[in-house]
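Peer 1: Give me coordinates for this.
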Amino acid sequence: MTHPPLAERLRPRTLDDYIGQTHLTGPDSIVRRMIDTGQVSSFILWGPPGVGKTTLARIIANTVKAPFHTLSAVHSGVKEVREVLERCRAEAGSIFNQSRPILFIDEIHRFNKSQQDSLLGAVESGTVTLIGATTENPSFEVIRPLLSRAQVYTLRPLDEAELNQLLERALTKDAMLAERKVEVKETTALFRFAGGDGRKLLNILDLLERSTPQGETITVTDKIVTERLQENPAAYDKNGEMHYDIISAFIKSIRGSDPDAAIYWLARMIAGGEDPKFIARRLVILASEDIGLANPQAMVVANATFDVLHKIGWPEGRIPLAECVVYLATSPKSNSAYMAINKALALVEKTGNLPVPLHLRNAPTSLMKEMGYGHDYKYAHDFKDNFVKQQFMPDALGHQSFWQPGANPSEARMAELQNRRWASPAADGDKAP
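Peer 2: Below is the predicted model of the structure:
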C-alpha cells in the first residue's frame, strides 16, 4: 500500500497548527484578522518553496468556510481559468455561501499576460477572492493591474527553531513514524539540507524512514543524513527544488569570486532548461547586494545582460550571460548598501512614523509656510561645494549612521569625500560667492 508523503500527512488544518510566518499569522496579524472577521481580500504569497504558501491558503478557506478552487499555472490555460471563474460566479450568487469563493493559483508567476488579464474582472467585481502563490518576485512577473488589486505578503524561510518544531511534530504526531523507533542524535546536516524548507525537511525524514528496514531504529545523525542524500540525490527534491540548490551554489560562487565554479553552475542551469530570465534577475540582484558600491558598473552590466536576453533570445543569450557571470565573479565585492538599508529598516520598525523636521517639509501653500514648513531649509547649491551642514534625520533620532563603507577603493573615495564635507568649517553656512 502506498502512503501519502510525510509532508502531506502532516499538513496543518488550522492556523494554530501552522508553523512559521508569525508576522502574518500571529496575534493581531493581517491573516489572523482576515480569518477572525471572515473578510478575506485578494493577495499573493511570495516566498521560497516549502514555507507554507499552499497550506496557508487552504487553512484560510477551510476556516472561513469558503468554496475553494485551485489552479496550477503550469497546467492551466485561459480556458481552464474561465471555466473555474464561471463556477465561482455561480457559487458567489448562491444564498448558501456566505463567503466568496477562493481561487488559489499556484506558481502564478508562470501565467502569461493574457492568462492574468482573464482574472482581472472577477477579482475587481469581488466575484472571487484570489490567492496566488509564487517563488518569483511579483513585481517582475505579475501584471500591474493585478498587483493593484491584490496585496503581496512575503513568506520567510523557516528558521532553526521552527524547523526543530516541525521535526518534533513529525516525530510525535505522525502515525507511521510513531510506530517506528527514532533516535535524533544530530540535526546540523538535516537542517542545513532543509535550508529553511519545511517540506524538504519532511521529505528527508521520509527518505530515512523508507530506507531503514522495519524493526531497525531510524537514526538521525549528520553522517547518515549526508550519506543517504548523496545516494538518493532526487529523493528529497522530487518537487523540482534542486533548482534552488543550484541557484544557491551559483550565487555563492559569484559572491566568493570563483568565476570557474560560477560558470559551471550556469552551465548546469542551462543544460537543465532553466528560464534565462530567472538567471538574469538573480544577477541583477547580486550586482546590487554583493558588489554594490565597490563597483557600481556591475549593476549596469547585469541590467544590460537582462535587456540583451530579451533582444537576442536563446541559445545565443548564454554568451552575454556567461560574460556577465565572469565580470561579476571577478569584480570587487561590497554589501554595504544592503547592510545599510537593513539597518535603516530595523530602526524604522522600532521607531515608527517619526515626523519630518519642519525645515525639510514641502510647503506648496501659504498656510503651510505660515506653519513653518520649509522654514530655515538651506539649499545646498547656494553654498560652497554645493554642501552645507544641516539636520536631515527626524528630531527624535538625531544623527544615525547606517552606511559603513566597504574596504575597497571605490567606497574609500566616497568615504573620504563625505568626511571632508562634514568636517570642513566652511560647510557651516557661508554662502558661495
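Peer 1: Check whether Arg318 really touches Glu274, as I assumed.
Peer 2: No. Using CB atoms under 8 Å as the test, Arg318 is too far from Glu274 to be in contact (10.8 Å). In short, each C-beta sits where N, CA and C put it, glycine included.
Peer 1: Run through who's touching stretch 30-37.
Peer 2: 15, 24-26, 40-41, 56, 60, 63-64, 153 (CB atoms under 8 Å, 6 or more residues apart in numbering).
Peer 1: how does it look with 10 Å?
Peer 2: By CB atoms under 10 Å, 6 or more residues apart in numbering, the list of residues contacting stretch 30-37 from outside reads 14-15, 18, 21-29, 39-41, 43, 45, 56, 59-60, 62-64, 129, 151, 153.
Peer 1: Go through these and flag which are in strands.
Peer 2: Residues of the contacts of stretch 30-37 located in strands (DSSP state E): 43, 45, 129, 151, 153.
Peer 1: okay, now the nearest residue in space to Ser248 that is not next to it in sequence: neighbour count?
Peer 2: In space, and not counting its chain neighbours, Ser248 is closest to Gly195: 7.5 Å by CB to CB, 6 or more residues apart in numbering. As a burial measure, Gly195 scores 18 neighbours (other CB atoms under 10 Å).
Peer 1: distance of Gly195 from Asp245?
Peer 2: Remark: distance between Gly195 and Asp245 (CB to CB, to the nearest Å) = 8 Å.
Peer 1: Determine the set of other helices and strands touching the worst-scoring helix or strand of the chain on mean pLDDT.
Peer 2: Across the helices and strands of the chain, mean confidence by mean pLDDT, DSSP states H and E is lowest for helix 366-370: a mean of 74. Under the contact criterion of 3 or more CB pairs under 10 Å, 6 or more residues apart in numbering; DSSP states H and E, helix 366-370 touches no helix or strand at all.
Peer 1: mean confidence for the next helix or strand after that helix?
Peer 2: Counting by DSSP states H and E, the next helix or strand C-terminal to helix 366-370 is helix 409-423. Here helix 409-423 scores 82 as its mean pLDDT.
Peer 1: Would you indicate which residues of the helix or strand harbouring Lys79 are buried?
Peer 2: With elements taken from DSSP H and E, the one containing Lys79 is helix 78-92. For helix 78-92, the buried set under the neighbour-count rule, 16 or more other CB atoms under 10 Å, comprises 81, 84-85, 88, 91-92.
Peer 1: ok, now stretch 389-407?
Peer 2: 390, 403, 405-406.
Peer 1: ok, now stretch 366-381?
Peer 2: The neighbour-count check on stretch 366-381 (16+ other CB under 10 Å) flags Tyr373 as buried.
Peer 1: how far out from the middle of the chain is it?
Peer 2: Averaging C-alpha positions (CA atoms, centre = their mean, to the nearest Å) puts stretch 366-381 40 Å from its chain's average.
Peer 1: Helices - which of the contacts of stretch 30-37 land there?
Peer 2: Members of these lying in helices (criterion: DSSP state H): 22-25, 56, 59-60, 62-64.
Peer 1: Which of the residues you listed ranks first by neighbour count?
Peer 2: Leu56 (25 neighbours).
Peer 1: pLDDT wise, what is that one at?
Peer 2: 93.
Peer 1: Same check on Ala235?
Peer 2: 49.
Peer 1: next one: the one 3 residues further on
Peer 2: Taken from the predicted model, the pLDDT recorded for Lys238 is 36.
Peer 1: thinking again about what came up before, quick check, the residue nearest to Ser248 in contact with Ile247.
Peer 2: No. Contact criterion CB atoms under 10 Å: Gly195 and Ile247 do not qualify, at 11.6 Å.
Peer 1: Tell me where the model's unsure across the stretch 151-300 of the chain.
Peer 2: 231-243 (pLDDT under 70).
Peer 1: What segments of it are helices?
Peer 2: Ranges of helices within the stretch 151-300 of the chain are 160-173, 175-178, 188-194, 198-210, 222-231, 242-255, 259-271, 276-286, 297-312, based on DSSP state H, counting those that start in this stretch.
Peer 1: would a markdown table of the ones you listed with distance to Leu354 be doable?
Peer 2: Shown next, in a markdown table, are the helices of the stretch 151-300 of the chain (distance: least, CB to CB, whole Å):
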| stretch | distance to Leu354 |
| --- | --- |
| helix 160-173 | 32 |
| helix 175-178 | 51 |
| helix 188-194 | 39 |
| helix 198-210 | 37 |
| helix 222-231 | 47 |
| helix 242-255 | 35 |
| helix 259-271 | 43 |
| helix 276-286 | 30 |
| helix 297-312 | 31 |
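Peer 1: Mind putting those into CSV with mean neighbour count and distance to Asp382?
Peer 2: Output for the helices of the stretch 151-300 of the chain, formatted as CSV (neighbours: other CB atoms under 10 Å; distance: least, CB to CB, whole Å):
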stretch, mean neighbour count, distance to Asp382
helix 160-173, 16, 54
helix 175-178, 13, 73
helix 188-194, 19, 57
helix 198-210, 23, 58
helix 222-231, 15, 65
helix 242-255, 18, 43
helix 259-271, 17, 48
helix 276-286, 19, 38
helix 297-312, 17, 32
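Peer 1: Which among those is found nearest to Phe383?
Peer 2: Nearest to Phe383, of all the helices of the stretch 151-300 of the chain, is helix 297-312, at 30.7 Å by CB to CB.
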